[in-house]
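Chemist: Please find the sequence and the predicted model below.
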Amino acid sequence: MRIMTLPCDGIGPEIMAATLEVVEAANKKYDLGLTFEEEEAGFTSLRNHGITLRDDVLERARTEFDGVILGTQSHMDYPPVVEGGRNVSAGFRIGLDLYANVRPARSRDFIPNKAPGMDLVIMREATEGFYPDRNMYKGVGEMMPDPNMALSVRKITRHGSMRICREAFKLAMQRKKKVAAIHKANSFLMTDGLFLECFREVAKDYPEVETEELIVDAFAALLVRKPHEYDVIVATNFYGDILSDLASELSGSLGLAGSINANAETGLCCAQAQHGSAPDIQGQNVANPTSLILSAAMMLIWLGEQKGSPKLMEAGRAIADAVDAVMDDPAKRTRDLGGTVNTDIFGTLVAEMVSKETIPA
């Protein structure tokens, strides 16, 4: 199996190096047969090729690789699209049709958190919605008719809503058999109304699954008040983006949140940290690489499920367990969690834990 890696911007190269050390340890222990090839994206690609993401990179990812590990990007600092500042993350999601952005949030007893008992997964539709760079065939869905007016177009499709809802229900069947749909249909009658219509239609095929429909602002409050009550959350792009960051921070830190973008029909999967590029600590070897490490673990598990490979699934779970085992020791945590361990050392500690015969429970 071939994995494309793209370090990208800010702390991306540092957390990518730590992640690859961990994945290589799993590769060796479980005899996965993984090979890795680095490609350029972000500012490095802009300097060398005049654009932050080349079409041929996407095409290679689609046709030559089994998975992608994508580093962090400094989107806000890119030049305009016409000058080569293409949104790398959106480029992969749209270019490879990675519609399912899977974002777990789980509290750990040994890490300070504001949401005891939280263990949920947010299934976020990632290819349409309020995002203007992914809702038009040509151009973008945001415009200024005059200097004092700005407009933005939202796109919700039956196709996009049905498939993310299906993935949410499939996941719920593996967990606690509960799905909550997040919406604002009291205001967005047609767009969120269509999303809910699709949710209800898919629910008919899963009578065993308990369903709930929650208005987005009310759910934000409920997530703080009783986070332990929720299991699988399905949402359109914009709501899912905001709520997943909230859930991850409540569970301990955005830096502990894994994330993948996937398409069950094509079998393509991209691992990507939930957080940004943190240019203020770039090059200092102090960033927490946990999010990208866990994202890579999620990718291995997802690919294992798709390919029917127990070894891949076992390797992914071993990485996740190793991360917890290392962080359970306060002396081995990174600075954001109150420790003193640097990025590279944390990666080495997790890799060493993966390589052990057994990982402490």
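Modeler: Looks like it arrived, so ask away. Numbers count the residues shown, from 1 in each chain.

Chemist: contacts and neighbour counts: CA atoms only from here.
Modeler: OK.

Chemist: mind listing what residue 193 touches?
Modeler: Contacts for residue 193 (C-alpha atoms under 8 Å, 6 or more residues apart in numbering) come out as residue 185.

Chemist: heads up, I number from 5, so please use that
Modeler: Taking 5 as the first residue, the last one we looked at is residue 197.

Chemist: and it, which of the three is it?
Modeler: Under DSSP: H, G, I helix; E, B strand; the rest coil, residue 197 falls in the helix class.

Chemist: Residue 255 and residue 87: what is the separation?
Modeler: Going from residue 255 to residue 87 by C-alpha to C-alpha, to the nearest Å gives 39 Å.

Chemist: Tell me which of these two has more neighbours.
Modeler: For residue 255 versus residue 87, the count of surrounding residues by other C-alpha atoms under 10 Å is larger for residue 255: 26 against 12.

Chemist: which residue sits closest to that one in space, ignoring its chain neighbours?
Modeler: residue 111 (4.4 Å; C-alpha to C-alpha, 6 or more residues apart in numbering).

Chemist: Residue 283 too?
Modeler: Nearest non-adjacent residue to residue 283, counting by C-alpha to C-alpha, 6+ apart: residue 14, 4.6 Å away.

Chemist: And the contacts of stretch 168-178?
Modeler: By C-alpha under 8 Å, 6+ apart, stretch 168-178 touches 103-104, 127-129, 181-183, 202-203, 206-207, 210, 213, 235-238.

Chemist: same question, stretch 124-139
Modeler: Taking C-alpha under 8 Å, 6+ apart as the rule, stretch 124-139 contacts 94, 97-98, 101-110, 143-146, 156-160, 164-165, 168, 171-172, 234-242, 244-245, 248, 265.

Chemist: can you do 6 Å?
Modeler: Residues outside stretch 124-139 that contact it (C-alpha atoms under 6 Å, 6 or more residues apart in numbering) are 98, 103-109, 144-146, 158-160, 168, 235-241, 244.

Chemist: same deal with stretch 280-289?
Modeler: For stretch 280-289, using C-alpha under 6 Å, 6+ apart, the contacting residues are 14, 15, 76, 77, 78, 346, 347.

Chemist: Filter those down to the ones in helices?
Modeler: Of the contacts of stretch 280-289, the ones assigned to helices by DSSP state H are residue 347.

Chemist: Only the buried subset of the contacts of stretch 280-289, as a ChimeraX command please.
Modeler: Only the buried entries of those go into this ChimeraX selection, using 16 or more other C-alpha atoms under 10 Å:
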select :14,15,76,77,78,346,347
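
Chemist: Determine which two of the contacts of stretch 280-289 are furthest apart.
Modeler: The distance between the two most remote of the contacts of stretch 280-289 (C-alpha to C-alpha) is 21.9 Å, for 78 and 346.

Chemist: out of the contacts of stretch 124-139, which are inside strands?
Modeler: 104, 105, 106, 107, 108, 109, 146, 236, 237, 238, 239 (DSSP state E).

Chemist: quick one: which of those is nearest residue 187?
Modeler: Closest approach between the ones in strands among the contacts of stretch 124-139 and residue 187, by C-alpha to C-alpha: residue 239, at 7.0 Å.

Chemist: Do you know the pLDDT at the closest one?
Modeler: Note for residue 239: predicted pLDDT of 98.

Chemist: can you give me the helices in the stretch 5-154 of the chain?
Modeler: 16-33, 47-53, 59-68, 92-99 (DSSP state H, counting those that start in this stretch).

Chemist: would you turn those helices into TSV with mean pLDDT?
Modeler: Listed next are those as TSV, based on pLDDT from 0 to 100:
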stretch	mean pLDDT
helix 16-33	98
helix 47-53	98
helix 59-68	97
helix 92-99	94
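
Chemist: which of the ones you listed is buried the deepest?
Modeler: Comparing the helices of the stretch 5-154 of the chain by mean neighbour count (mean count of other C-alpha atoms under 10 Å), helix 16-33 comes out on top with a mean of 22.

Chemist: ok so, going back, the residue nearest to residue 255 against residue 253, yeah?
Modeler: No. Counting by C-alpha atoms under 6 Å, residue 253 is not a contact partner of residue 111; they are 9.6 Å apart.
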